[in-house]
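Visitor: this one's sequence-less:
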């Protein structure tokens, strides 16, 4: 899905921390998936750069974009792989296996969903990095679907759906990874089909959730435009309203860089939006003023929960949309 920038400024409201963390992961994944969606241009170096982006904000950024030189394993203990749940190929095989994966990513031999499933499973089987293989593998999955299914659209948060069915995801992936036998044996196909079913279910659930999310965002934006006189077209306020769903925590400077309007015009527009209850502000440090569209975070939180619950519906958004504006100090709360 489109990038949603986390509240990267200091002083994050703890109550929003979990949502902001998910949003931040999506922001990094979005940047990486964009790199990996250029199928005809992708090479091993692209994979390394994408991994570096994903690892920038991690506890171990020095591992970003570096193919491992040591044997690693999943599960077990830190001393030897004998008790591990899965032991990837030795390090000297990583580069040729990644090159083979890149060739597959450039192809159209399979349907988009099957290609995404095979590419993700194969990447996780190679496990080419010292850390961050899971997030990089998901970026590979997103990259395939972005290029072949949603070049200009919003990518559904498939990772959230997979995390809600984590047991089935890990079990089906492990069945694919640990199969030993002939490549065309029915057992290998059965393992792949099971993983494909898990992925297809996640894609469906997250796609349904995204439709509800987009509708809720459109409702918010209609209320916001009405509150400032129906602004559309080329204006700083209109540009900010368009920008807030993908970056709900902003400053005048970041908005200026994103919209092309001067920092002063963005600051004036933000003060106007604060006055009608679209954003609230807070001061971080001696001079940095941060503006936050809390309703975007609220809608995203609803979407995150509905992704993992197929029984939910658009009605979950009703409490948020019933009051689309933030309370304005000194004024009666708007309906």
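Guide: Done, it's in. Not measured: the values here are computed from a predicted model.
Visitor: can you map out the helices along the chain?
Guide: Counting by DSSP state H, the chain has helices at residues 17-36, 44-55, 94-105, 112-126, 133-149, 158-164, 166-177, 186-227, 236-243, 252-259, 263-276, 294-307, 318-321.
Visitor: out of those, nearest to residue 70?
Guide: Smallest distance to residue 70 across the helices of the chain (C-beta to C-beta): 10.7 Å, for helix 94-105. For glycine as for every other residue, the C-beta is placed from the backbone atoms N, C-alpha and C.
Visitor: circling back: residue 83 is nearest to which of the helices of the chain?
Guide: Taking the helices of the chain one by one with C-beta to C-beta, helix 166-177 is closest: 14.9 Å.
Visitor: packing partners of the closest one?
Guide: Applying 3 or more C-beta pairs under 8 Å, 6 or more residues apart in numbering; DSSP states H and E, we find helix 166-177 packed against helix 112-126, helix 186-227.
Visitor: for the ones you listed, which has the smallest mean pLDDT value?
Guide: In terms of mean pLDDT, the lowest-scoring of the helices and strands packed on helix 166-177 is helix 186-227 (a mean of 92).
Visitor: next, count neighbours for the nearest residue to residue 227 once chain neighbours are set aside.
Guide: Spatially, and ignoring its direct neighbours in sequence, residue 227 is nearest to residue 276 (4.1 Å; C-beta to C-beta, 6 or more residues apart in numbering). Using other C-beta atoms under 10 Å, residue 276 is surrounded by 19 other residues.
Visitor: repeat for the one 10 residues further on
Guide: Neighbour count for residue 286, taken as other C-beta under 10 Å: 5.
Visitor: can you give me the pLDDT of it?
Guide: In this model, residue 286 is scored at 78, pLDDT.
Visitor: quick one, what contacts it?
Guide: Residues in contact with residue 286 (C-beta atoms under 8 Å, 6 or more residues apart in numbering): none are found.
Visitor: coming back round to it: next one: the residue nearest to residue 227 from residue 241, what distance?
Guide: Note on residue 276: its distance to residue 241, by C-beta to C-beta, to the nearest Å, is 11 Å.
Visitor: and if you look at residue 252?
Guide: For residue 252, the distance to residue 241 - C-beta to C-beta - is 15 Å.
Visitor: lowest-pLDDT helix or strand in this structure?
Guide: helix 17-36 (a mean of 57; mean pLDDT, DSSP states H and E).
Visitor: picking that back up, format the helices of the chain as JSON lines; extra columns: distance to residue 288.
Guide: Below are the helices of the chain laid out as JSON lines (distance: least, C-beta to C-beta, whole Å):
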{"stretch": "helix 17-36", "distance to residue 288": "17"}
{"stretch": "helix 44-55", "distance to residue 288": "25"}
{"stretch": "helix 94-105", "distance to residue 288": "41"}
{"stretch": "helix 112-126", "distance to residue 288": "39"}
{"stretch": "helix 133-149", "distance to residue 288": "29"}
{"stretch": "helix 158-164", "distance to residue 288": "31"}
{"stretch": "helix 166-177", "distance to residue 288": "38"}
{"stretch": "helix 186-227", "distance to residue 288": "24"}
{"stretch": "helix 236-243", "distance to residue 288": "18"}
{"stretch": "helix 252-259", "distance to residue 288": "9"}
{"stretch": "helix 263-276", "distance to residue 288": "12"}
{"stretch": "helix 294-307", "distance to residue 288": "18"}
{"stretch": "helix 318-321", "distance to residue 288": "28"}
